[in-house]
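K.L.:
requesting a structural model of the entry that follows:
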Amino acid sequence: VGKLAAAGTINDLCMRGATPLYMTVGLILEEGLPIATLRLALESLRATCDEAAVAVIAGDTKVVQRGKGDGLFVNTTGVGMVSAPTPPSSSSAESGDRVLVSGYLGDHGVAVLAARERLPLRAEIESDCAPLHGLVEGLISAVGSDVHVLRDPTRGGLASALNEIAADSSVGMVLEEAAVPVRPQVRGVCEILGLDPLCMANEGKLIACVAPSGADAALEALRAHPLGLDAAIVG
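P.N.:
Below you'll find the model as predicted:
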């Protein structure tokens, strides 16, 4: 949960073209929470911030009664610096833009679902949770202002994110579903449970709407980074 909280805030900043710099961390702890659990969460948060060169500059802790706090909540706020004159925005997609995703979708949502429901899976599915600062930096360096929109498809997945971009930018979206990268085991779990992998949460992926002239270079830049090896143009 520490890594998840830190990566989520770092990625929110990156999606607006900002360099993440600082973070505050607020903890809500339930009485009786094992110190080992708290230490594990905070160590994973610290490691994620260190990876992105983000400094934790303030924090707060509150304790609630046993049975009232569901163990542990981590609340983070991030501050970053935007240097581009026209940073990416969900309202900046243009007709003709290519839609790119940085890799396999649905891993996080299915991993959490499988753990919660104790689903017997033949192949283990791991969360894709990761900070995307390096991936975004490489993308912006390669194609600059040709990147019109950046979005992390977290809650609601690819489908919700594209719907929101379409509404904010007053454009339509045409998705080539066969081009969308989804692991067979993720697709299998979704089929069994009647879910759509395009609606499953992700915590280490991005969507980019890129001008046609920069789409191929953007794809190459994404695939040059370890977190973008399976990137694809999907619409």
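K.L.:
ok, Ser127 - how many residues close by?
P.N.:
For Ser127, the count of nearby residues is 18 (other C-beta atoms under 10 Å). Using the backbone N, CA and C atoms, a C-beta is placed for each residue, glycine as well.
K.L.:
quick one, phi/psi of it?
P.N.:
When quoted as degrees, to the nearest 10, the phi and psi of Ser127 stand at phi -60, psi 150.
K.L.:
helices and strands around the biggest helix by length in the chain, which ones?
P.N.:
In the chain, taking DSSP state H as the definition, the longest helix is helix 35-51. In terms of contact count using 3 or more C-beta pairs under 8 Å, 6 or more residues apart in numbering; DSSP states H and E, helix 35-51 is assigned the packing partners helix 2-14, strand 18-30, strand 55-64, strand 72-82.
K.L.:
is it possible to get a markdown table of these that adds mean neighbour count and distance to Leu150?
P.N.:
Compiled in a markdown table, those are given as follows (neighbours: other C-beta atoms under 10 Å; distance: least, C-beta to C-beta, whole Å):
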| stretch | mean neighbour count | distance to Leu150 |
| --- | --- | --- |
| helix 2-14 | 24 | 7 |
| strand 18-30 | 19 | 10 |
| strand 55-64 | 12 | 23 |
| strand 72-82 | 16 | 12 |
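K.L.:
nearest to Val147, of these?
P.N.:
Judged by C-beta to C-beta, the one of these that comes nearest to Val147 is helix 2-14, at 11.4 Å.
K.L.:
in contact with Gly134, which residues?
P.N.:
Shown here is Gly134, whose contacts under the criterion C-beta atoms under 8 Å, 6 or more residues apart in numbering are 225, 227.
K.L.:
centroid residue for this structure?
P.N.:
In the chain, the residue lying closest to the centroid (C-alpha atoms, centre = their mean) is Glu203, at 3.5 Å.
K.L.:
distance of the residue lying closest to Leu193 once chain neighbours are set aside from Asp70?
P.N.:
Once flanking residues are discounted, Leu193 sits nearest to Leu113: 7.6 Å by C-beta to C-beta, 6 or more residues apart in numbering. For Leu113, the distance to Asp70 under the criterion C-beta to C-beta, to the nearest Å works out to 18 Å.
K.L.:
these two: who's more crowded?
P.N.:
With neighbours defined as other C-beta under 10 Å, Leu113 and Asp70 compare such that Leu113 has more, 18 against 9.
K.L.:
how about the contacts made by that one?
P.N.:
With contact set as C-beta under 8 Å, 6+ apart, Leu113 has these partners: 119, 189, 193.
K.L.:
show me the contacts for the first one.
P.N.:
Listed by C-beta under 8 Å, 6+ apart, the contact partners of Leu119 are 113, 189.
K.L.:
and Tyr104, by the same measure?
P.N.:
Residues near Tyr104 by C-beta under 8 Å, 6+ apart: 128, 181-183, 186, 205, 230.
K.L.:
give the ranges of residues in the protein that sit below the confidence cut-off.
P.N.:
Regions of the chain meeting the criterion pLDDT under 70 cover residues 122.
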